[in-house]
Structures are given as structure tokens and as C-alpha cells.
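Asker: Predicted model and sequence below, questions to follow.
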Amino acid sequence: MAARMPGRQVALVDLLDRVLAGGVVIAGEVTLSIADVDLVRISLRALVVSLRAGMCEPGNAHRAGSWERTT
Amino acid sequence: MGDNSATWVYAVTRDPDPVLLRAAGVGGEPVRAIGDAELAAVAGSVDANAFGEAALERRLSDPDELEAIARAHHQVIEVVAAARPTLPLRLATVYRDDDRVRALLTQRRAEFGDMLRWLDGRTEYGVKVWADPEVMTGGDKQEQAGQTMQVPGGRSADVGGDGATGRGPTAGTAYLLRRRANLTARADGWQHGAARGEEIHAALGRLAVAARRHAPQDPRLTGNEDGWMVLNGAYLVDSGRGQEFAATAGAMVSGLAGFQLDVTGPWPAYSFSVGRDQ
């Protein structure tokens, strides 16, 4: 797998697209207490909404997050 | 492990390369593998007080902390993914202890195995496309009195005329007509840009194993308040064909007035590790 050139940092917005809305999800958008159950899972929905308040333009109707597996 | 420690999980991989043991995690902790050669979680022990639910909600709401934690999470994933097929975990997946992580691997062994096999030999690239609103709307001609306005679709409206002489529309009506034409031109221009974005996404998808759209990026985060982001796509491409993919993507807009395209990558396959039912 190709490696990134050292010293070149990814853009934060591109990274946030991926670490907040990508990656394996262990549970749904539920916040659980570390004291009571196995899993601590921060609800990032509110965070994502606050960071992305307002889409670029009105009328943008495409469904974010959908994907197609073609093979 | 002490009572105040928890296990932050970075990724799931197989036959983890020992190089990952030199990485440091979100809390500066040494990174390690939990599991076996066939399937392993890459994880680190963190202070539950600093990485527990309440602390994380507070810390991830601070832009500087969010950036530091996100980059540290990503750094570990990049090291692992450079050497092996890897499923990145979403940010902030924390388990109470290693045993819980082992239970996760047992429970989802087949699914993780399938996904790793699917990702093997494949790499994610990102493609973003912007449209120039001025070009999409045909430029701003509406301020010039006496000029026929051209809007996309061939409609035109003549708002010439001098209100003072009583011939043609009054200044107020002319203003409203111009304003409506502006809004129509803008909406049409947006549709035009969005349609090109759809076409580019479809074309790139045909070159890739899988394709996914992310939400357009907030202009306040990108610093680009002037352009319309009409595509924020992620594509799973056969490794080694990244240059070819990027070049093909660039060629798609080189002949299109008013469009800019940016390719990012290679990325660990974040966008293709989400389960289909999630």
C-alpha cells in the first residue's frame, strides 16, 4: 500500500469526514456509561451537527453516507 | 489493568506487523495488539478519567483537542494500514478492558474477516469537486440597466426602460424582476453544478470497487466560502492504480469551465469500513 510522504499532514476537514462518519461502528449513536457497561461510545451526532451546521447550499438533496459496493 | 484505565481501539487487522508497537496513541500510550494473528484489534490503554464519556464529550467539543485526538487516532491507523489490510474504527470507541475487546473480536470474527479480505489490495482515495457560482450562474449581468438578462435555459427578461419616463417597468419592479432572475439563475446554477457532481461521482464509481459520498464540507471549516462543493466522494481503488485514478479524475474536469477537482489519498479505508446496515 502506498505510503504518504512524511511531513505532509492530511487536511483536518478531510480527516474529520472519515474518523467521525467512517470507520467500524460498534454500537449505534448511543452514549453509555463506562461504569455500567462494557462500552463507552460517545454520541458524535451532536458534535458532527455542530461542526457542520448548515450545508453548503440549500437544495443539496443527495444522501450523505450512502454507499454502493460494486464487487 | 488499574481501575482507572480503559482500552481505546484504533483498528482491526490481521497478522499485525510489529512496527505498530512503536506507535504512540491518543493518550501517548504504547499501542499493542489484542487477539491473534488471524484477527487482532489494535488498541491502547488510556486513563478512563481523561477518555471516559464525560471527558470525551467535553474534549471533542474543543476544536484543538478534537484535532489532536483525531490526528493521533489516525496516525496509529496509518501505521497499521501501511503494512496490512486494516479496518479503521470510528473515533472514540473505548472499551472497559481488553477482555471486552476480545469478546468483540469473537462476536464479529466472521464479519471482520470478510471485510479484511474485501479490503485486501485496495486503497481509499477522496475526490472533491467545487463549482464556481459565477460561472454556474452565467455571471452577474443583472446590474446593468437596459440589458436583457440571460439565464440558463434560455429564458430572458428585458428589464430595460427608464421608470421616470413611464416607459417600461418602474425602478421598483425592475429591481424585483432582477432579484427573481438572480435567484432563479442561482438555483439553476446550483442544479447544473450538482448534476455535474453526480455525473463525476458515477464515472469515478465505475473506475472503483466501491464509491461513497460524504456530506459537502462546511465552508467555515474549509475556508472556501466562495465555491460550491458539489461532490465529496470516497472511492475504493485497487492499490497501485491510485495515480491512474487521480489522473482520470483530474481529466474529468479539465474541459469543464468553472469546476475544480482535488484528489486526496491514499487513505486507510475509513469510508468502506462502515457496515452496510449502519
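Answerer: Yep, it's here.
Asker: does B:Gln217 really touch A:Val13, like I thought?
Answerer: Yes - counting by C-beta atoms under 8 Å, B:Gln217 does reach A:Val13; the two are 5.0 Å apart. Every residue, glycine included, has its C-beta placed from N, CA and C.
Asker: higher neighbour count, the two?
Answerer: Set B:Gln217 next to A:Val13 and count neighbours by other C-beta atoms under 10 Å in any protein chain shown: B:Gln217 wins out with 22 against 18.
Asker: ok but that one is inside a helix, no?
Answerer: No - according to DSSP: H, G, I helix; E, B strand; the rest coil, the state of B:Gln217 is coil, so it is not within a helix.
Asker: confidence score at it?
Answerer: For B:Gln217, the pLDDT comes out at 89.
Asker: next one: phi and psi at it?
Answerer: phi -80, psi 140 (degrees, to the nearest 10).
Asker: what's the distance between it and B:Tyr270?
Answerer: Taking C-beta to C-beta, to the nearest Å as the measure, B:Gln217 falls 15 Å from B:Tyr270.
Asker: and what of B:Ser61?
Answerer: 22 Å.
Asker: hey, which helix or strand in chain A has the poorest pLDDT?
Answerer: Lowest on mean pLDDT, DSSP states H and E among the helices and strands of chain A sits strand A:39-41, with a mean of 39.
Asker: Listing partners with orientation, what would you give for the helix or strand where B:Thr264 lies?
Answerer: Taking DSSP states H and E as the definition, B:Thr264 sits inside strand B:259-267. Sheet pairing of strand B:259-267 (DSSP bridges) gives strand B:122-131 (antiparallel).
Asker: Distance from the chain centre to the strand it pairs with, please.
Answerer: Distance, stretch centre to chain centre, for strand B:122-131: 8 Å (C-alpha atoms, centre = their mean, to the nearest Å).
Asker: where are the low-confidence patches of chain A?
Answerer: Along chain A, segments meeting pLDDT under 70 span A:1-7, A:27-71.
Asker: Quickly note the distance from the residue of the stretch 1-150 of chain B found nearest chain A to B:Gly27.
Answerer: Proximity to chain A, evaluated over the stretch 1-150 of chain B using C-beta to the nearest C-beta, is greatest for B:Arg90 at 3.6 Å. B:Arg90 sits 18 Å away from B:Gly27, going by C-beta to C-beta.
Asker: The two: which has the busier surroundings?
Answerer: More crowded of B:Arg90 and B:Gly27, by other C-beta under 10 Å: B:Arg90, with 23 against 16.
Asker: residue contacts, the more buried one?
Answerer: A:19-20, A:22-26, A:44 (C-beta atoms under 8 Å, 6 or more residues apart in numbering or on different chains).
Asker: now B:Val9
Answerer: Contact analysis of B:Val9 by C-beta under 8 Å, 6+ apart lists B:41-43, B:89, B:93-95, B:101, B:104.
Asker: Next step: the residues you listed restricted to helices.
Answerer: Mapping those onto helices (DSSP state H) picks out B:101, B:104.
Asker: Considering the contacts of B:Val9, which possesses the most neighbours?
Answerer: Within these, most neighbours by other C-beta under 10 Å means B:Val42, with 30 neighbours.
Asker: For that residue, give me its contacts.
Answerer: Listed by C-beta under 8 Å, 6+ apart, the contact set of B:Val42 reads B:9-13, B:16, B:20, B:31-34, B:76-77, B:80, B:86.
Asker: Could you tell me which residues within the strand holding B:Thr264 count as buried?
Answerer: Neighbour-count burial for strand B:259-267 flags B:259, B:261, B:263-267 (criterion: 16 or more other C-beta atoms under 10 Å in any protein chain shown).
Asker: closest to B:Ala195 among these?
Answerer: B:Phe259 (11.6 Å; C-beta to C-beta).
Asker: distance of that closest one from B:Thr222?
Answerer: Separation of B:Phe259 from B:Thr222 (C-beta to C-beta): 16 Å.
Asker: hmm, back to that, now list the buried members of the contacts of B:Val42.
Answerer: By 16+ other C-beta under 10 Å, those give B:9-13, B:16, B:20, B:31-34, B:76-77, B:80, B:86 as buried.
Asker: List just the nearest of these to B:Trp190.
Answerer: Nearest to B:Trp190 out of these is B:Ile77 (C-beta to C-beta; 35.6 Å).
Asker: tell me the average confidence for whichever strand or helix holds the closest one?
Answerer: Using DSSP H and E, B:Ile77 falls within helix B:63-83. For helix B:63-83, the mean pLDDT works out to 93.
Asker: residues in contact with that helix?
Answerer: The contact list for helix B:63-83 (C-beta under 8 Å, 6+ apart) reads A:1, A:3-4, A:9-10, A:12, A:15-16, A:18-20, A:47, B:10-11, B:13, B:16-17, B:19-20, B:22-26, B:31, B:42, B:44, B:59-60, B:86, B:88, B:91, B:268-269.
Asker: Understood, closing this out.
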